[in-house]
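*Asks:* Build me a model:
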Amino acid sequence: MNNKLVINYTPGPTFLHKLSGFTKVFLFLVMTVAIISTFDIRLLIPLLIINIIEIVSMKPNYKPIIFMFLLSFIMVTVIGNIMLLLVSPDAGLNNVGANHILWQGPGRLYISKELLWYIFVTFIKRTTSFASVIAFALMTTPSEFAAGLNKCGLPYKVCTIISLAYRTIPDIANDFINIRNSMMMRGVELTGKRTSLWNKLKNTVVLLVPLIFTAFGKVGNIANAMDLRGYGKHKKRTWYAEKEPTKNDKLIRTLVILLLLGTIYYIVVYRFVNPWPAKFWCPWLTREEIQVINPIDTIFFIEWFRK
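*Replies:* Purely as a prediction, here's the structure:
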């Protein structure tokens, strides 16, 4: 099992690894719909716990997972929230519906309890989405992914393209390393403190040219091999990676159907029949305390045109 890129190319030994491709794809799609449908922390935290349990149960290599999480945390959460504080401190008022100011800065810069709650909920939502994708990538091989998508109704030619795209990732990574080492042996500076940032970027662009041509060459070889074997002649095809559903598959599918029904119930009741007055549920606010704000009215540069 290859976990260096958080993508498995051979089935693993755990309970989740042994599920069929359709069960894994069905679980991932319903989980994605459930995460997208809500900003309610009362639902996001149980979904996050479920995804973390899935990841831990597969006993993965945690180093690439932690690296990707920290990278996304710094790029999206830290930098994004700094920009949010500078550009739109009213995000808490717009989405939570109240404004209890904790710190007042110069001008329109301030921090409120609702802004911190907004940042916390969005962080939990992003983390839940990240954990869901990682869990799906760890449990599913490219062939199982393609077979599961095909059983969901996607044309098998599209599924094959997705499977091939997954399988070429390690080949492209190896080609990148080989080309980089060859260029460095010829005296091209790609690393080191003596080389300026501009030269590193310029040499990296030069490195990408042979990498792109190598990738296109492999695509042509794969296409010719598939044509010679008569690929695409029939309207349907079978998948060697798709297994017959077992008792575990039926159990997981039943639980996923219950999750789907619960998601539909939540959307219908709490988004249409009896919606919460604000976009984000907040534990210290009641319905009567929530202010309904038009987000356009809080965009600071619109005030220039009203003067």
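*Asks:* per-domain residue ranges of the chain.
*Replies:* 1-141+244-307, 154-240 (automatic domain parsing).
*Asks:* Report the mean confidence score over the shortest one.
*Replies:* The average pLDDT within domain 154-240 is 79.
*Asks:* cool, and the first one?
*Replies:* In this model, domain 1-141+244-307 has a mean pLDDT of 86.
*Asks:* follow-up on the earlier one: quick one: the domains of the chain as JSON lines, columns for mean neighbour count too.
*Replies:* For every residue, glycine as well, the C-beta is placed using N, CA and C. Shown next, in JSON lines, are those (neighbours: other C-beta atoms under 10 Å):
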{"stretch": "domain 1-141+244-307", "mean neighbour count": "16"}
{"stretch": "domain 154-240", "mean neighbour count": "12"}
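*Asks:* export those domains to TSV and tack on distance to residue 147?
*Replies:* Output for the domains of the chain, formatted as TSV (distance: least, C-beta to C-beta, whole Å):
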stretch	distance to residue 147
domain 1-141+244-307	4
domain 154-240	4
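*Asks:* Any idea how far apart the tips of stretch 148-155 sit?
*Replies:* With C-alpha to C-alpha, to the nearest Å as the measure, stretch 148-155 spans 11 Å from end to end.
*Asks:* From here on, call the first residue 28.
*Replies:* Taking 28 as the first residue, the last one we looked at is stretch 175-182.
*Asks:* Give me the buried positions along that stretch.
*Replies:* Neighbour counts over stretch 175-182 (16 or more other C-beta atoms under 10 Å) mark 175, 176, 177, 178 as buried.
*Asks:* Now do the contacts for the spatially closest residue to residue 294 that is not a sequence neighbour.
*Replies:* Leaving out its chain neighbours, the residue that sits closest to residue 294 by C-beta to C-beta, 6 or more residues apart in numbering is residue 64, at 5.4 Å. By C-beta atoms under 8 Å, 6 or more residues apart in numbering, the contact set of residue 64 is 290, 293, 294, 298.
*Asks:* what's the distance between the helix or strand that contains residue 280 and the middle of its chain?
*Replies:* In this assignment (DSSP states H and E), residue 280 forms part of helix 274-295. A distance of 21 Å separates the centroid of the chain from that of helix 274-295, by C-alpha atoms, centre = their mean, to the nearest Å.
*Asks:* quick one: contacts of it?
*Replies:* Under the criterion C-beta under 8 Å, 6+ apart, residues 42, 45-47, 50, 53-54, 57-58, 60-61, 64-65, 67, 70, 272 lie in contact with helix 274-295.
*Asks:* wait, isn't residue 87 in contact with residue 34?
*Replies:* No. Under the criterion of C-beta atoms under 8 Å, residue 87 makes no contact with residue 34, lying 10.9 Å away.
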